[in-house]
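Trainee: mind folding the following:
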Amino acid sequence: MINEAQAKYLNTGESKNPILEKIVCPKGYKLTEVGVIPSDWNTYRISDVVDKIVGGGTPSRNIPEYWGNAIPWVTVKDFTTFNPNQAQEYISKKGLLNSSSNLIPKGVLITSTRMALGKAVIYDVDVSINQDLKAVFPKKILDTKFLYYWFQKNADLIEELGSGSTVKGISLSDLRGMIFVTPLVAEQATIAKALSDIDALIISLEKLIAKKQAIKTATMQQLLTGKKRLPGFGEGKVYKQTELGEIPEDWEIKPLGEILKIRHGKSQKEVIDDNGVYPILATGGEIGRTNIALYSKPSVLIGRKGTIDVPRYMNSPFWTVDTLFYSEINNNSDAKYIFYKFGFIDWYSYSEASGVPSLNAATIEKILQVLPSSKDEQIAISDVITNFDEDIKLLQVQLVKTQQIKQGMMQELLTGANSSN
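Mentor: Numbering: from 1, shown residues only. Sure thing, here's the model as predicted:
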C-alpha cells in the first residue's frame, strides 16, 4: 500500500521516484511509480478511472414536507449501522428537488469526504446523500466492487491524508489524485468475487454468533430464574409466590451476604513482578503480574469504583487492586453460577456516588437473589451456559481468523502480489 509520503510525492506530478528506481523488477512484473506490479496491470489516478463524482446536500429541516418516507437519505451515521436497503432518515421527492442532494442509483459506491474518511458503502436501493458524502461513478474499465475493496484496503491512508483540527476532511482533488493500481476489468471482477465470497463467510459467522448469543441470553433468563428446569431437577415441584415473583418451591431467596463475602483488593506495589505467574487485575483487566496470590479459589470479581457493571469469573489464583472487589463463595454455592447471576444485576442502581460510579461491599451483600437450594442444580445450570460461552468463543476465534485471511487476500489481490488469474 502506498504510504502517506508516497501519496503526497506522487500527487506533485513528479515523473521519477529515486527510491523506486533502485528496485529490481522480477520476470512477469514491471516497475511503476508505485513499485512493482504485474505486467498486465496498469497505474492510474482515481480521476483516470472515474467518470464523475457526485455530491449531496440537506433539505431544509424547517420545511416538514421535505422530509418523509419516500427516499432514503444517507449520512455518515448510516455507515456505522449500515443496511443496504434503508437509511436512518428519509426525505420526500420535494425535499430532493429543492435541495442540493442527489438521487444515487443502487449499486453505485458512496464514500465520505468528511468524517469517517476512507469508508465506502454500496446500496441495493436508490438513495439520496448529504453534503459529507460523494457518489463515485466509475468508467467501464473499473469494476465497482473492486473499487469498493480498494477503499477498504486504503481506508487508513485516506484517513491520514485528511486535514482539519476538529473534523477531518479530504478534498476531491486529493482523492482524485490518489494512485490506483488495477488489472483488466475481467480480473477485477474475479478479485472482487473472491473478496465478496469471504465477506459472505464473515457475515454468516457474525450472524451465527449473534444468534448464539441471543439464545444464550434467553436460556440464561429462563434457567437463572427457575422458569425452566433442567432434566433431573424439579420433577413434581410447583411454584410459589415471593417478594421477587414466582419461583420454584425448592428454590430460595437469599441476600448475597449469605452466599458470599465481598473482599477488597490491595495495592500491588509490593508484589508486582514482571515475570510473575499470577495476574494482577483491575476493573479494566490485567495490569501486571505477581508471584503472590491474593486469593486462590474460584471467585466472582466486580468493580468497586469506575467500571462497576462488568463481573469477572476467576478459577485460578489472582491478585486484585483496590478498585476491584473479589468474593469468597461459600461451599454450598457454585461460583460460576453466581458469576452468571451477577451478569443480570443492575449494578448502577446500587452505585453510591454521584460522580464516578462506586459500590459498597455491604450494599452488595444485601442484594437479594433467587437461586436453587441444591448446589448440584446450580452447577448443572452453569454448565449449560458455559457450553454456550465456549461455542461462541470458538466462533469468535474463527471470525477473527477469517477477517485476518481477508486482510491478507486484499493485500495480495489488490496490489497484484498474487494475481487471481
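Trainee: shaky segments in the stretch 1-150 of the chain?
Mentor: 1-23 (pLDDT under 70).
Trainee: go again with 80.
Mentor: 1-25, 33-34 (pLDDT under 80).
Trainee: in what helix or strand does Glu391 lie?
Mentor: Wrong residue type there; residue 391 is Asp, not Glu. helix 375-413 (DSSP states H and E).
Trainee: packing partners for that helix?
Mentor: Counting contacts by 3 or more Cβ pairs under 8 Å, 6 or more residues apart in numbering; DSSP states H and E, helix 375-413 is packed against helix 144-153, helix 185-223, helix 335-342, strand 368-372. To be clear about C-beta, it is placed using only N, CA and C from the backbone, and glycine gets the same treatment.
Trainee: average pLDDT across it?
Mentor: Mean pLDDT, computed over helix 375-413, is 97.
Trainee: look up how far Pro64 lies from the closest residue to Asp40 other than its chain neighbours.
Mentor: Using Cβ to Cβ, 6 or more residues apart in numbering and skipping residues adjacent in sequence, the residue nearest Asp40 is Pro183, 6.2 Å away. According to Cβ to Cβ, to the nearest Å, Pro183 and Pro64 sit 50 Å apart.
Trainee: and those two? which has more neighbours close in?
Mentor: Pro183 (23 against 10; other Cβ atoms under 10 Å).
Trainee: hmm, the more buried one is touching Ser39, no?
Mentor: No: Pro183 is beyond contact range of Ser39, at 10.3 Å (criterion: Cβ atoms under 8 Å).
Trainee: name the SS class of Pro26, please.
Mentor: coil (DSSP: H, G, I helix; E, B strand; the rest coil).
Trainee: pull the contacting residues for it.
Mentor: Pro26 makes contact with Val36, according to Cβ atoms under 8 Å, 6 or more residues apart in numbering.
Trainee: the one 4 residues further on now?
Mentor: Contact partners of Lys30, counting by Cβ under 8 Å, 6+ apart, are 36-39.
Trainee: try it again at 6 Å.
Mentor: Listed by Cβ atoms under 6 Å, 6 or more residues apart in numbering, the contact set of Lys30 reads Ser39.
Trainee: secondary structure element holding it?
Mentor: strand 29-32.
Trainee: listing partners with orientation, what would you give for that strand?
Mentor: Taking DSSP bridges as the criterion, strand 29-32 sits next to strand 35-38 (antiparallel) in its sheet.
Trainee: other residues contacting the strand it pairs with?
Mentor: 25, 29, 181, 416, 419.
Trainee: likewise for stretch 224-241?
Mentor: 222, 246-251, 341, 377, 380.
Trainee: domain-wise, how is the chain divided?
Mentor: Partitioning the chain according to automatic domain parsing yields domains covering residues 43-182, 184-233+375-421, 235-373.
Trainee: which of the contacts of stretch 224-241 are buried, as a PyMOL select command?
Mentor: Buried residues within the contacts of stretch 224-241, by 16 or more other Cβ atoms under 10 Å, are selected in PyMOL with:
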select buried, resi 247+248+250+251+341+377+380
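Trainee: next, format the contacts of stretch 224-241 as CSV and append distance to Thr283.
Mentor: Shown next, in CSV, are the contacts of stretch 224-241 (distance: Cβ to Cβ, whole Å):
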residue, distance to Thr283
Gln222, 30
Glu246, 35
Ile247, 32
Pro248, 35
Glu249, 39
Asp250, 37
Trp251, 32
Lys341, 19
Glu377, 31
Ala380, 31
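Trainee: neighbour-wise, which of the contacts of strand 35-38 leads?
Mentor: Counting by other Cβ under 10 Å, top hit in the contacts of strand 35-38: Gly416 with 23 neighbours.
Trainee: you'd agree Lys305 is up against Thr323?
Mentor: Yes: with contact defined as Cβ atoms under 6 Å, Lys305 reaches Thr323; the gap is 4.7 Å.
Trainee: quick one: which of those two has more around it?
Mentor: In this view Lys305 and Thr323 are compared by other Cβ under 10 Å, and Thr323 has more residues nearby, 19 against 16.
Trainee: which residues does the more buried one contact?
Mentor: Thr323 touches 282-283, 304-306, counting by Cβ under 6 Å, 6+ apart.
Trainee: quick check, pLDDT for Leu301.
Mentor: Reading off the model, Leu301 has pLDDT 98.
Trainee: how many neighbouring residues does it have?
Mentor: Neighbours around Leu301, by other Cβ under 10 Å: 24.
Trainee: who's in contact with it?
Mentor: Leu301 neighbours (Cβ under 6 Å, 6+ apart): 312, 324, 326.
Trainee: residues of stretch 320-335 that come out buried?
Mentor: For stretch 320-335, by 16+ other Cβ under 10 Å, it's 320-321, 323-327, 329, 333-335.
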